[in-house]
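Visitor: 3D model of this:
(one chain, ligands or ions: 1)
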Amino acid sequence: MSIDFSASLDDKADMTLDEAMALDRADPLAPLRDRFSLPDGVIYLDGNSLGALPRAVAPRVAAAVTGEWGQDLITSWNVHDWIDLPARAGEKIARLVGAEPGSVVVADSTSVNIFKALGAALRMRPSRPVILTEAQNFPTDTYIAQAIADFAGNRRVVEADAAGLVAAMTDEVAVVLLTEVNYRTGARLDMKRLTQAAHDAGALIVWDLAHSAGALPVRLADAGADFAIGCGYKYLNGGPGAPAFVYVAPRHQAEAMQPLAGWLGHATPFTFSPAYEPAPGAARFRTGTPAVLSMTALDAALDAFDGVDLAVLRAKADALFDLFTRYVADNCPQLELLTPRDPGQRGTQMSFRHPQAYAVMQALIARNVIGDFREPDIMRFGLTPLYLRYEDIYRAAGTLCDVVNSGAWDTPQFRQRNKVV
Ligand SMILES: *Cc1c(COP(=O)(O)O)cnc(C)c1O
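Guide: Residues are numbered from 1 along each chain as shown. This is a model prediction of the structure:
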């Protein structure tokens, strides 16, 4: 199914609410909104930070608590196959990120999985001293890269701007750690080209899919990626602090040894053998006992993607992007769009700059339009077509421009910083 949503928006800089609602009536993804439980009157544009709640989650978690844990107790590891939940949930994610069957496992947090993937890659390139990353990468990626370089000794982190990455891929580079879609700007790196360049340099590559998985079609196998990690609570809607995932290319699964070799990554954990022997496949990237309740939430949440063609999802996100950014350009052009307009160069979030971005965002949230703020002057809005309507985007852009143009943000209350921004 291929639908060109953007065609209907061409030459429609001054779309009306009625026209936005007509797009909703023609939208093949519109029924999917029913898969989510959303608060009345709120327009939620922060699914890139914490995905909304799929309706299937609460009953599944309730059943896991009262039935599985409460009644079946420890037998649930077998009876409800808790033990293979990391692989089952991983299989659902594999489809979304273009990974081979059996190559994705759900475990731990994104930060921990970065450590595991980098550790495995460093072992595979023992004589190369450098971990190369993008200077604008998300801080946890850079912190973990530095930490594992320090821990391993004789290794160091080199940072380059996006444009300088390929030139920095020297024969000293063991592994390249990149986030496909930048968390601040929404700009997207070319996974296939950079993976090829890393391989040409004899290096391995780890892709962070925090802002890609569930947002757009990812093709890990096609790109030839070595490792990838990603986040369960953003576009995958797994709930606050949901477990993350890790991808290991099939060609590396027999040799990749991750540094957090725990008993549930063992080939036969219940022999309680004193010697570590890694499990075959991606399962060796498990460490300890899975967080069954939160993994159950993620597993149920992933069913919201059942039957969804990610190319269609992406096309709708692009149409929403066009609607929002055109409205802003026409009505509050003082907001500077930081995200590239070209769909090939970005993910599905929009970032705007404003000198008082924090206060503007607080004023917007007070009017039930929820996005978020990133230092120093950025407002982020995530486009999640499973549950966002054209109507929502039209209204959100209108509210944003009204807040900006009226100066309604300029109060001490809206300038007051919260602990979490
Ligand atoms: C959100 C995000 C993370 C989150 O890591 P956690 O361990 O889940 O806190 C990591 N990397 C990137 C690029 C992110 O956007």
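
Visitor: now the spatially most distant residue from the centre of the chain: how far from Gly265?
Guide: The outermost residue of the chain, judged against the average C-alpha position, is Pro274 (37.3 Å), by C-alpha atoms, centre = their mean. When distances are taken as C-beta to C-beta, to the nearest Å, Pro274 and Gly265 turn out to be 15 Å apart. Glycine gets a C-beta too; all of them are placed from N, C-alpha and C.

Visitor: now do Ser103
Guide: Distance check for Ser103 against Gly265: by C-beta to C-beta, it reads 15 Å.

Visitor: you'd agree Glu159 is in a strand?
Guide: Yes: counting by DSSP: H, G, I helix; E, B strand; the rest coil, Glu159 is part of a strand.

Visitor: excluding its backbone neighbours, what's nearest it?
Guide: Ranked by C-beta to C-beta, 6 or more residues apart in numbering and with sequence neighbours excluded, the top spatial neighbour of Glu159 is Ala135, at 4.1 Å.

Visitor: give the contact list for that neighbour.
Guide: Listed by C-beta atoms under 8 Å, 6 or more residues apart in numbering, the contact partners of Ala135 are 159-161.

Visitor: would you list those in CSV and tack on pLDDT and distance to Pro278?
Guide: CSV is the format used below for the contacts of Ala135 (pLDDT from 0 to 100; distance: C-beta to C-beta, whole Å):
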residue, pLDDT, distance to Pro278
Glu159, 98, 32
Ala160, 98, 33
Asp161, 98, 37
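
Visitor: how deep is the residue in the stretch 151-300 of the chain that the ligand sits nearest to tucked in, by neighbour count?
Guide: Sorted by distance to the ligand under C-beta to the nearest ligand atom, the residues of the stretch 151-300 of the chain start with Ala210, at 3.3 Å. Residues lying near Ala210 (other C-beta atoms under 10 Å) number 26.

Visitor: can you check Asp150 too?
Guide: The number of residues packed near Asp150 is 11, by other C-beta under 10 Å.

Visitor: could you do the one 5 residues further on as well?
Guide: The number of residues packed near Arg155 is 20, by other C-beta under 10 Å.

Visitor: repeat for the one 4 residues further on
Guide: With neighbours defined by other C-beta under 10 Å, the count for Glu159 comes to 17.

Visitor: relative to Leu132, how far out is it?
Guide: Here the distance between Glu159 and Leu132 works out to 8 Å (C-beta to C-beta).

Visitor: pLDDT below threshold where in this structure?
Guide: Under the criterion pLDDT under 70, the flagged ranges of the chain are 1-13.

Visitor: now for the closest residue to Ala107 other than its chain neighbours: which residues touch it?
Guide: With C-beta to C-beta, 6+ apart as the criterion, Ala107 has its nearest non-adjacent residue at 5.1 Å, and that residue is Arg286. If a contact means C-beta under 8 Å, 6+ apart, then Arg286 has 86, 105, 107, 262, 264-265, 279 as its contacts.

Visitor: mind redoing it with 10 Å?
Guide: Taking C-beta atoms under 10 Å, 6 or more residues apart in numbering as the contact definition, Arg286 lies against 86-87, 90, 105-108, 116, 246, 258, 260-266, 269, 278-279.

Visitor: could you flag which of the residues you listed are buried?
Guide: A residue is treated as buried here by neighbour count (16 or more other C-beta atoms under 10 Å); on that basis the buried members of those are 86-87, 90, 105-108, 116, 246, 258, 260-261, 264-266, 278-279.

Visitor: taking the residues you listed one by one, which sit in strands?
Guide: Using DSSP state E, the members of those that fall within strands are 105-107, 246.

Visitor: between which two of those residues is the distance greatest?
Guide: Farthest-apart pair in those is Val106 and Val246; separation 8.2 Å (C-beta to C-beta).

Visitor: overlap in contacts of those two?
Guide: Contact criterion C-beta under 10 Å, 6+ apart; residues bridging Val106 and Val246 by contacting each: 86, 90, 93, 113, 230, 282, 285-286.

Visitor: which of those residues fall in helices?
Guide: Of the positions in the shared contacts of Val106 and Val246, 86, 90, 93, 113 sit in helices, assigned by DSSP state H.

Visitor: just put these in CSV and tack on distance to Val42.
Guide: Conversion of these to CSV gives the following (distance: C-beta to C-beta, whole Å):
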residue, distance to Val42
Pro86, 33
Gly90, 32
Ile93, 27
Asn113, 31
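
Visitor: TSV for those residues, including distance to the ligand?
Guide: What follows is those, written out as TSV (distance: C-beta to the nearest ligand atom, whole Å):
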residue	distance to the ligand
Pro86	16
Gly90	16
Ile93	15
Asn113	8
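
Visitor: how about the longest strand seen in the chain, does it reach the ligand?
Guide: The single longest strand within the chain, with elements called by DSSP E, is strand 173-179. Yes: legend: contact between strand 173-179 and the ligand by C-beta under 6 Å from any ligand atom is shown at Thr179.

Visitor: that strand pairs with which strands?
Guide: With DSSP bridges as the test, strand 173-179 is paired with strand 130-134 (parallel), strand 204-208 (parallel).

Visitor: next structured bit after it?
Guide: Downstream of strand 173-179, the next assigned helix or strand under DSSP states H and E is helix 191-200.

Visitor: go through that next one and flag the buried ones.
Guide: 191, 194-195, 197-199.

Visitor: do I have it right that Gln136 meets Asn182?
Guide: Yes: in this structure, Gln136 sits in contact with Asn182. The criterion is C-beta atoms under 10 Å, and the distance is 6.0 Å.

Visitor: quickly list what's touching both of the two.
Guide: Shared contacts of Gln136 and Asn182, counting by C-beta under 10 Å, 6+ apart, come down to Ala162.
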